[in-house]
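sharing a sequence plus its predicted fold:
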Amino acid sequence: MRNRIIAAGLGIAIATSASAQSSVKTADYSFTYSYPAEAAAIPSLRAWLEADRAKQRTALARDAAEARQEARKGSFPFRAYELQKTWKLVTNTPRFLSLSGNVYSYTGGAHGNPGSFGLVWDKAAKRRVEPKAVFVSDAALQAAVGQAFCDRLNAIRTQRRGEAPGHDGPFDACPKIGELTVLLGSSNRNRINRVGLIADPYVAGPYAEGEYEVTLPVTAAVLRAVKPAYRTAFDVAR
């Protein structure tokens, strides 16, 4: 659901199903990894995703096995580990394939931990790019969207909390771009004209409040924050 909400806000609708999905369940752990057909269609990107899938499962199996041994030594219950990592399409423009990712991990604690991330495949350069890397700097993007993000974030916080955020609480400050996940979206699948910003749990609020998602249009100020090499792939939202 979270990915569909983000995609709608970024101006597109996710209608594809994962073409590659791996689900494994053992006595020690359960593991799921998936990515969409659009990513699978790019050999180099597919190879990276497959390598990432293998890396994540290997680490999970190792950590879960070690935890089971520790539980046996300490005579306390072992709770099976879990990892779910899912990539979904945000948009597919002539220059960029933009993906959103989310992960949920459980390592025996009171609750699992969710997280988000973004990935952009630059078709011209034939390489992966972190969404933030298309901008001149975090500071430049911060200057372009910071106030609009904070205004929207505080409006959502007020709805969830039933009161406006204060000024000195542990989750009252507005997170900086460096603390957020950035996604690139498009309403026309031609150029990037939407920017998604996600604050994971504990970034803008306590765990119980979940993550916060804000989608903002590409403005002239945002366009100026884009590195010159990528500007033709962006457009001011109409």
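Done, it's in. Here the structure is a predicted model, which means the values were calculated and not measured. Numbering: from 1, shown residues only.

buried residues in stretch 213-222?
Neighbour-count burial for stretch 213-222, counted by 16 or more other Cβ atoms under 10 Å, picks out 213-219, 222. All C-beta spots, glycine's among them, are computed from the backbone N, C-alpha and C.

tell me the two of the residues you listed that are most distant?
In the buried residues of stretch 213-222, two members sit farther apart than any others by Cβ to Cβ. They are 213 and 219, at 18.8 Å.

now residue 216, what's its secondary structure?
The local conformation at residue 216, judged by DSSP: H, G, I helix; E, B strand; the rest coil, is strand.

correct me if wrong: it contacts residue 195.
Yes. Counting by Cβ atoms under 8 Å, residue 195 is a contact partner of residue 216 at 5.2 Å.

which elements pack onto the host helix or strand of residue 145?
Taking DSSP states H and E as the definition, one finds residue 145 inside helix 138-161. The elements that helix 138-161 packs onto, with contact taken as 3 or more Cβ pairs under 8 Å, 6 or more residues apart in numbering; DSSP states H and E, are strand 194-199, strand 212-217, helix 220-225.

the first one packs against which elements?
Using 3+ Cβ pairs under 8 Å, 6+ apart as the contact criterion, the elements in contact with strand 194-199 are helix 2-9, helix 138-161, strand 181-185, strand 212-217.

highest mean neighbour count out of those?
Of all the helices and strands packed on strand 194-199, strand 181-185 carries the top mean neighbour count, a mean of 26, counting by mean count of other Cβ atoms under 10 Å.

partners of that one, with directions?
As defined by DSSP bridges, the strand partners of strand 181-185 come to strand 194-199 (antiparallel).

skipping adjacent residues, who's closest to residue 98 in space?
residue 90 (4.1 Å; Cβ to Cβ, 6 or more residues apart in numbering).

neighbours of residue 95, how many?
Per other Cβ atoms under 10 Å, the neighbour tally for residue 95 reads 19.

how near is it to residue 158?
Taking Cβ to Cβ, to the nearest Å as the measure, residue 95 falls 37 Å from residue 158.

would you turn the helices and strands packed on helix 138-161 into TSV with mean pLDDT?
Shown next, in TSV, are the helices and strands packed on helix 138-161 (pLDDT from 0 to 100):
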stretch	mean pLDDT
strand 194-199	98
strand 212-217	97
helix 220-225	98
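
can you put the ones you listed in JSON lines and add distance to residue 128?
Below are the helices and strands packed on helix 138-161 laid out as JSON lines (distance: least, Cβ to Cβ, whole Å):
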{"stretch": "strand 194-199", "distance to residue 128": "18"}
{"stretch": "strand 212-217", "distance to residue 128": "23"}
{"stretch": "helix 220-225", "distance to residue 128": "21"}
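
show me where this structure dips below the pLDDT cut-off.
Per-residue confidence for the chain (pLDDT under 70) gives these ranges: 1-19.

in it, which helix is the longest?
helix 43-74 (DSSP state H).

by contact count, what packs against that one?
strand 18-25, strand 29-36, helix 37-40, strand 81-92, strand 127-129.

which one, of these, ends up nearest to residue 178?
strand 127-129 (17.1 Å).

ok, that closest one: who's next to it in the sheet?
Its sheet considered, strand 127-129 pairs with strand 113-122 (antiparallel) by DSSP bridges.
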